[in-house]
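In: I'd like to go over a predicted model; first the sequence, then the structure.
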Amino acid sequence: MNLGVRRKEFVKRAFVKSRVLLLAGRFVPSGAVILMYHSVQDQPEQFANSIGSGIIHATSIFERQMEIIARRFHPVRLDEILSFLKGEQNLPDRAVAVTFDDGFSDNFEVAAPILDRYGIRASFYVTADLIGTVKPPWYCRLRYAFGTSQMRQWRYPFNGKIHPLGDREERQVALLSAVDCCASLAGREQEEMVGQIESDLKARLASHSDGFRFMMSWDQLRRLARDGHIVGSHTLTHPNLAHVSSEGILERELSDSKRQIEEAVGAPVVHFSYPHPGLMPQWSERTEVMAQRVGYCSAVTTTRGSVRAGAHPLHLNRVGAGRSANELLWRLGCAFLRRHA
């Protein structure tokens with residue numbers, strides 16, 4: 001760790017310890033911070049080449065973060081934030097909502113018991129076509145293929161560019177190119193492209209082993225809903241909707257996922273999360289209009305920041321939770337003060 005990084009971390013710890021950020025947050029206009037999570041695992045390192053260590057929280061870290069939210073902040077549901085934006089209710093000071101993207105099985109098996117223990121009701125946005133299946137998400141399959149392949153190079157299918165696969169950095173560059181390639185595709189086209197890349201790299205992530213499933217079952221999703229958590233949509237097949245060219249495919253990703261989840265859970269689905277596997281931006285005026293047309297009332301993004309009165313409910317900011325308790329406190333404090341962490 002270089003001197004600049006150490007100095008920055010020292011400043012963060014000092015501010016967090018002094019609680020200056022939390023105290024200052026009491027004097028800013030009412031609003032909320034929506035936290036973004038993906039996966040919680042007892043042993044994150046086991047999934048570094050599939051889910052990816054960057055979006056996994058260790059169980060002990062996640063529990064500590066939920067304890068902090070329950071004791072120092074005011075946990076709220078997405079429904080309450082939506083009512084606040086409509087002018088129907090006020091929010092408590094330091095309101096925080098917890099959200100999960102994708103629908104990994106650990107959301108139910110590991111995260112939900114912790115959430116319930118602290119009385120936190122989260123929102124779970126699921127990729128509908130993967131729920132109840134043994135198929136890993138396409139971006140996990142690509143991560144595994146590039147992380148484990150014995151091939152020395154890979155040819156980018158769109159322009160023929162050769163990507164070397166020597167060290168970790170070269171593999172990461174190639175992976176990001178492949179993700180960008182697949183992010184604009186959906187459904188069968190997306191599946192065919194991912195399958196081709198796996199074939200080219202001669203590496204394929206096993207669907208399951210020893211009874212492990214990557215994704216939740218429909219029964220688990222129904223249980224979350226019965227326990228008071230919100231179940232929302234994260235599309236059918238996890239493309240970047242802003243880059244899906246077909247109007248029909250865009251509508252299907254939004255409407256069919258909504259319908260499938262509603263039929264399975266037995267309740268309206270009005271909350272949505274924009275996938276952001278690659279490419280920029282992740283939403284557009286076109287996606288916003290379509291989301292509203294098919295019946296969504298809120299949509300969260302990966303754009304950093306808090307939610308204030310007047311925010312558009314169909315492109316709400318979120319904040320990544322950080323890798324530690326101190327990092328969570330720093331990011332929440334900065335978000336409430338409208339500062340970049």
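Out: Structure received.

In: show the model's pLDDT score for Arg26.
Out: Looking at Arg26, its pLDDT reads 60.

In: got the domain ranges for this structure?
Out: Using automatic domain parsing, the domain parsing of the chain gives 3-133+214-336, 138-201.

In: show me which of those domains has the highest average neighbour count.
Out: Per-stretch averages of neighbours, counted by mean count of other CB atoms under 10 Å, single out domain 3-133+214-336 among the domains of the chain, with a mean of 19. The C-beta positions use only the backbone N, C-alpha and C, and glycine is treated the same way.

In: show me where this structure has strands.
Out: Here the chain has its strands, by DSSP state E, at 31-37, 39-41, 56-58, 74-75, 95-102, 123-126, 153-155, 162-164, 230-233, 271-273, 298-304, 307-308, 316-320.

In: for Pro137, find the nearest of the ones you listed.
Out: strand 95-102 (6.5 Å; CB to CB).

In: I would like the residues contacting that closest one, please.
Out: Contacts with strand 95-102, where a contact means CB atoms under 8 Å, 6 or more residues apart in numbering, come from 30-39, 66, 69, 73-78, 80-81, 107, 111, 115, 120, 122-127, 137, 215, 234, 238, 273, 275, 300, 318, 332.

In: from the chain's centre, how far out does that strand sit?
Out: Mean C-alpha position of strand 95-102 versus that of the full chain (CA atoms, centre = their mean, to the nearest Å) differs by 9 Å.

In: that one pairs with which strands, and in what direction?
Out: Strand 95-102 has the following strand partners under DSSP bridges: strand 31-37 (parallel), strand 74-75 (parallel), strand 123-126 (parallel).

In: for the second one, the distance to its chain's centre please.
Out: Relative to its chain's centre, strand 74-75 lies at 20 Å (CA atoms, centre = their mean).

In: quick one: low-confidence parts of the stretch 101-250 of the chain?
Out: Counting by pLDDT under 70, the stretch 101-250 of the chain contains low-confidence ranges at 208-210.

In: which residues touch Ala225?
Out: Here Ala225 is in contact with 231, 265-267 (criterion: CB under 8 Å, 6+ apart).

In: any idea which of those residues is closest to Trp283?
Out: Of the contacts of Ala225, the one sitting nearest to Trp283 (CB to CB) turns out to be Val231, at 20.6 Å.

In: I'd say the closest one and Arg223 touch.
Out: No: between Val231 and Arg223 there is no contact under CB atoms under 8 Å: 10.3 Å.

In: does Gln190 touch Trp138 like I think?
Out: Yes: counting by CB under 8 Å, Trp138 is a contact partner of Gln190 at 6.2 Å.

In: what sits against Gln150?
Out: Going by CB under 8 Å, 6+ apart, Gln150 touches 202-203.

In: so which of the contacts of Ala225 sit within helices?
Out: Among these, DSSP state H puts Val265 in helices.

In: make a markdown table out of the contacts of Ala225 and add distance to Leu337.
Out: Shown next, in a markdown table, are the contacts of Ala225 (distance: CB to CB, whole Å):
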| residue | distance to Leu337 |
| --- | --- |
| Val231 | 32 |
| Val265 | 37 |
| Gly266 | 41 |
| Ala267 | 36 |
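
In: nice, that's everything, thank you.
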